[in-house]
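S.K.: Sharing a sequence plus its predicted fold:
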Amino acid sequence: MRIFIDADACPVKDETCRVAARYGLATTVVSNSFIAIPPSKLIERMIVDAGPDVADDWIAERTEPGDIVVTNDIPLADRVLKAGGTAIAPNGRLFTHDSIGSALAQRSVMEHIRSTGEITGGPKPFAAADRSRFLQALDEAVNRERRKRG
């Protein structure tokens, strides 16, 4: 079991690294620019080329069953689920096989609305409650996978 962080604009990198350290999990922080990471043999930084979906492709190509990916990117979450991994958004939202279809559809609708010039207001600001939900969801995902492995 490994953790991948889709790190560009991720507000819970430090929290993820702390949880990973507590459980002794290898963690890869993936971004298209330098991001500081805590000094640890378990945490590695992967800087990929800039460009649309380059970090997402890197993560998706390496995700295996049991891995956990922290991402806000819905298409990446879909690819993670198809690879047998777990995808968690920084606000604690757990992407599931049951919810990913509607999330992809909603994303498509919002893209269409924005393409017409409509101002949608964007996502709500990240709050302390989001951080708390994320920590709980990540802890539950790690323990769920540990139970599967015995």
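M.R.: Cool, the structure landed. Since we're looking at a predicted model, the values are computed, not measured. Numbering: from 1, shown residues only.
S.K.: what's the pLDDT at the residue nearest to residue 49 when sequence neighbours are not counted?
M.R.: Of all residues not flanking residue 49 in the chain, residue 32 sits nearest, at 6.6 Å (CB to CB, 6 or more residues apart in numbering). C-beta: built from backbone N, CA, C; applies to glycine. Per-residue confidence at residue 32 stands at 94 (pLDDT).
S.K.: Give the bridge partners for the nearest residue to residue 8 once chain neighbours are set aside, please.
M.R.: Leaving aside its chain neighbours, residue 8 sits nearest to residue 31 (4.9 Å; criterion: CB to CB, 6+ apart). Going by DSSP bridges, residue 31 is paired in beta bridges with residue 47.
S.K.: any idea which helix is longest in the protein?
M.R.: Taking DSSP state H as the criterion, the chain has its longest helix at helix 128-149.
S.K.: So what touches that one?
M.R.: Helix 128-149 is contacted by residues 1, 11-12, 15-16, 19, 23, 25, 66, 68, 70, 86, 88-94 when judged by CB atoms under 8 Å, 6 or more residues apart in numbering.
S.K.: of those, buried ones?
M.R.: Buried by 16 or more other CB atoms under 10 Å: 1, 12, 15-16, 19, 23, 25, 66, 68, 70, 86, 88-94, out of the contacts of helix 128-149.
S.K.: In helices only, show me the residues you listed.
M.R.: Members of these lying in helices (criterion: DSSP H): 15, 16, 19, 23.
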